[in-house]
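S.K.: kindly generate the corresponding structure for this input.
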Amino acid sequence: MEHLTLASFKEKVFDFEKNQEWKFEGKLPCLIDFYADWCGPCKMVAPILDELSKEYEGKVNIYKVDTEVEQELSQIFGIRSIPSMLFCPAEGQPQMAQGALPKHALIQAIDDVLLKTKAE
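M.R.: Model prediction:
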């Protein structure tokens, strides 16, 4: 699971310096976990995200952002509580979820938000 810096975030997710409107830069939809090392609920979610990154390999990228290190990124997204998860579909607007979600809720969100197929 890759940790994003400000530079890699702009390259792989959203270049907020170039674009005012949301424009996803990645090839695969992604889930970004905003966390901190001292956060208990973040530690509970970490192994679940590890499992999901393997289960969804090739379909969804899962990234982590350390809010202590990447404070500018945290401010841009208004992160006030952690863990916060940003779900970025390949098309459409990102959605933020807050709190330590259980695995079944994360799977549902990934399937609904990131891998939704357009109904014909």
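S.K.: any stretches of this structure with poor pLDDT?
M.R.: 117-120 (pLDDT under 70).
S.K.: what residue lies at the spatial centre of the protein?
M.R.: residue 32 (1.6 Å; C-alpha atoms, centre = their mean).
S.K.: for it, which non-adjacent residue is closest in space?
M.R.: In space, and not counting its chain neighbours, residue 32 is closest to residue 86: 4.3 Å by C-beta to C-beta, 6 or more residues apart in numbering. No exception for glycine: its C-beta is placed from N, CA and C like everyone else's.
S.K.: for that neighbour, give me its contacts.
M.R.: 31-32, 34, 77, 94-96 (C-beta atoms under 8 Å, 6 or more residues apart in numbering).
S.K.: save those as TSV, and put in secondary structure and distance to residue 115 too.
M.R.: Below are the contacts of residue 86 laid out as TSV (DSSP: H, G, I helix; E, B strand; the rest coil; distance: C-beta to C-beta, whole Å):
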residue	secondary structure	distance to residue 115
31	strand	11
32	strand	16
34	strand	21
77	coil	22
94	coil	14
95	strand	13
96	strand	18
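S.K.: buried subset of the residues you listed?
M.R.: Among the contacts of residue 86, those buried by neighbour count (16 or more other C-beta atoms under 10 Å) are 31-32, 34, 77, 94.
S.K.: out of those, who's nearest residue 49?
M.R.: residue 31 (7.6 Å; C-beta to C-beta).
S.K.: quick one: that closest one and residue 20, what's the gap?
M.R.: In this view, residue 31 and residue 20 are 24 Å apart by C-beta to C-beta, to the nearest Å.
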